[in-house]
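Visitor: need a structure here:
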Amino acid sequence: MRKDILICGVGGQGTVLASRILAAAAMEEGNTVHSAETIGMAQRGGSVTSHVRIGAEARAPMIPFGSADLLLAFEPAEAVRNLKYLRKDGMAIVNTAPTRPVMESLHPTGYSGEGMTAYLLQKCSCILVNADEVCAPFGSSRFFNIILLGIAAGSGRLELSKETLLRQIEKSVPARFLEVNLRAFHNGFEIGERKESLS
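Guide: Sure thing, here's the model as predicted:
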């Protein structure tokens, strides 16, 4: 198997946990995995990017521009910022609900994310999902990272088995939150199978 996956968002959205679950699942299935994270002021809502490279062909953990098979984006502006990594026939799975920067409260710009998602639809194949809507049944947007993994798996683009991912979620999530995270993953998997835009 050869697969390059770039995960991007802002601090506190669970990008790092998502990348670690992906990497562990790929290794469980016998693949060589390289991964790396770039974290800029993450605790203050700064950009977080995780590179997951699956396959023995990868010689370095960082994905070259124009090489990612999948772009998993927790925020629309971060998706646009990292679109340069996506290959021409790759797919982006993007949360359309924006995370407004801290500076927005001081100098409002009207940022809504709509311009970003319109741009993405012109530039690449996308599954658009509103995290606020899909997380509502679970009571918190904190479960979106697991939902996003489910969407990627259900879309068929991830090429890791549902069962392997579920086992890694069970190993990675605290026991008191496990049941709701498993439900979140299954919900995401169904969205991915439908490949619908819920934005």
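Visitor: Shouldn't residue 87 be within a helix?
Guide: No: Residue 87 is assigned strand when assessed by DSSP: H, G, I helix; E, B strand; the rest coil, not a helix.
Visitor: packing partners for the longest helix belonging to the chain?
Guide: The longest helix of the chain (DSSP state H) is helix 175-194. Applying 3 or more Cβ pairs under 8 Å, 6 or more residues apart in numbering; DSSP states H and E, one finds that helix 175-194 contacts strand 125-129, helix 131-135, helix 144-154, helix 162-172. In short, each C-beta sits where N, CA and C put it, glycine included.
Visitor: which helices and strands sit right next to the third one?
Guide: Counting contacts by 3+ Cβ pairs under 8 Å, 6+ apart, helix 144-154 is packed against helix 15-28, strand 68-73, strand 86-95, strand 125-129, helix 131-135, helix 162-172, helix 175-194.
Visitor: And for the first one?
Guide: In this structure, strand 125-129 packs against strand 86-95, helix 114-123, helix 144-154, helix 175-194, with contacts taken as 3+ Cβ pairs under 8 Å, 6+ apart.
Visitor: ditto for the last one
Guide: Counting contacts by 3+ Cβ pairs under 8 Å, 6+ apart, the secondary-structure elements packed against helix 162-172 are helix 15-28, helix 144-154, helix 175-194.
Visitor: That helix: how far from the chain's middle?
Guide: Relative to its chain's centre, helix 162-172 lies at 16 Å (Cα atoms, centre = their mean, to the nearest Å).
Visitor: May I see the buried residues of that helix?
Guide: Using 16 or more other Cβ atoms under 10 Å as the test for burial, helix 162-172 gives 164, 165, 166, 168, 169, 172.
Visitor: got it, and the second one?
Guide: Of the residues in helix 131-135, 131, 134, 135 count as buried by neighbour count, 16+ other Cβ under 10 Å.
Visitor: hmm, back to that, buried sites along the longest helix of the chain?
Guide: 180, 181, 182, 183, 184, 185, 186, 187, 188, 189, 191, 192.
Visitor: Lovely, talk soon.
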